[in-house]
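Novice: I'd like to go over a predicted model; first the sequence, then the structure.
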Amino acid sequence: MAEKVLFTSESVSEGHPDKIADQISDAVLDAALEQDPFSRVACEVFNTTNTIIVGGEITTTATLDIEKIARDTLIEVGYTNDQFGIDGHTCDVQVLVHTQSPDIAMGVNSSSDTKEIGAGDQGIMFGFATNETDSLMPLPIEMAHTLVKKASSLRKSGSFKWARPDMKSQVTIDYTVPDAPRIDTILMSIQHDGDFNKKNLRNMLSKISYRKRQGNFV
């Protein structure tokens, strides 16, 4: 019997702590670039119970209200109650930002041609395209993303009662037969209110599912 070939991918919702950090740093970058296209932003965010810390190196002519950006991001996600672990209205926001290191800045400052601008110390991530899905993303991550996106949409509409912003999905696809991948396991983790109805919550989760149609999962 051939050994199973399994591939697992995980996705998190906008309310997951890691994703909150990403969204705040992205919002700071967007605000800087909107005012100053030549902004250099290396922004890191740490979050814990009712606390946000924004640090890093930012060199820009833009005027940034980083505390407000952080609070607005939390509120937009849905963190508006201490019971959720953090409240964008009242949480502690610490901003520890300074300008870019002169040594790193030399790689940029020495170039008079913006087309030949030097690089800083930020990383570049890359992946690969596949014809498994219309989006060209691998099937496990496409399914994982779609699960949390659908669950988050239902939460925001009020249809997914008891659900809170922090969610995580994990999808494992069995590639033992290369031309016939099949779902091996789907896991969903949903932050929820303490007075939730277990049966109704399970029923809602069962609706956040997939069916195969013309080779695509929808």
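Specialist: Received it, and whenever you're ready, just let me know what you need.

Novice: what is the mean pLDDT for stretch 181-194?
Specialist: Across stretch 181-194, pLDDT averages out at 91.

Novice: chain center to it: distance?
Specialist: 17 Å (Cα atoms, centre = their mean, to the nearest Å).

Novice: now swap in stretch 159-175 and tell me
Specialist: Worked out by Cα atoms, centre = their mean, stretch 159-175 lies 13 Å from the chain centre.

Novice: could you export that stretch as PDB, CA atoms only?
Specialist: Output of stretch 159-175 as PDB, limited to C-alpha atoms (Å, rounded to 0.1, in the frame of the first residue of the first chain):
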ATOM      1  CA  SER A 159     -25.500  35.600  10.800                       C
ATOM      2  CA  PHE A 160     -22.700  33.800  12.700                       C
ATOM      3  CA  LYS A 161     -23.900  34.300  16.200                       C
ATOM      4  CA  TRP A 162     -21.400  34.000  19.100                       C
ATOM      5  CA  ALA A 163     -18.400  34.200  16.700                       C
ATOM      6  CA  ARG A 164     -15.600  36.700  17.600                       C
ATOM      7  CA  PRO A 165     -12.900  38.100  15.200                       C
ATOM      8  CA  ASP A 166     -10.100  35.600  15.900                       C
ATOM      9  CA  MET A 167     -10.400  32.500  13.600                       C
ATOM     10  CA  LYS A 168      -8.100  29.900  12.200                       C
ATOM     11  CA  SER A 169      -8.600  27.200   9.500                       C
ATOM     12  CA  GLN A 170      -6.400  24.300   8.600                       C
ATOM     13  CA  VAL A 171      -6.900  22.100   5.500                       C
ATOM     14  CA  THR A 172      -5.100  18.900   4.600                       C
ATOM     15  CA  ILE A 173      -5.300  17.600   1.000                       C
ATOM     16  CA  ASP A 174      -4.400  14.000   0.100                       C
ATOM     17  CA  TYR A 175      -2.200  13.900  -3.000                       C
END
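
Novice: now it: buried residues?
Specialist: 160, 162-173, 175 (16 or more other Cβ atoms under 10 Å). The way it works is simple: take the backbone N, C-alpha and C, and place the C-beta from them, glycine included.
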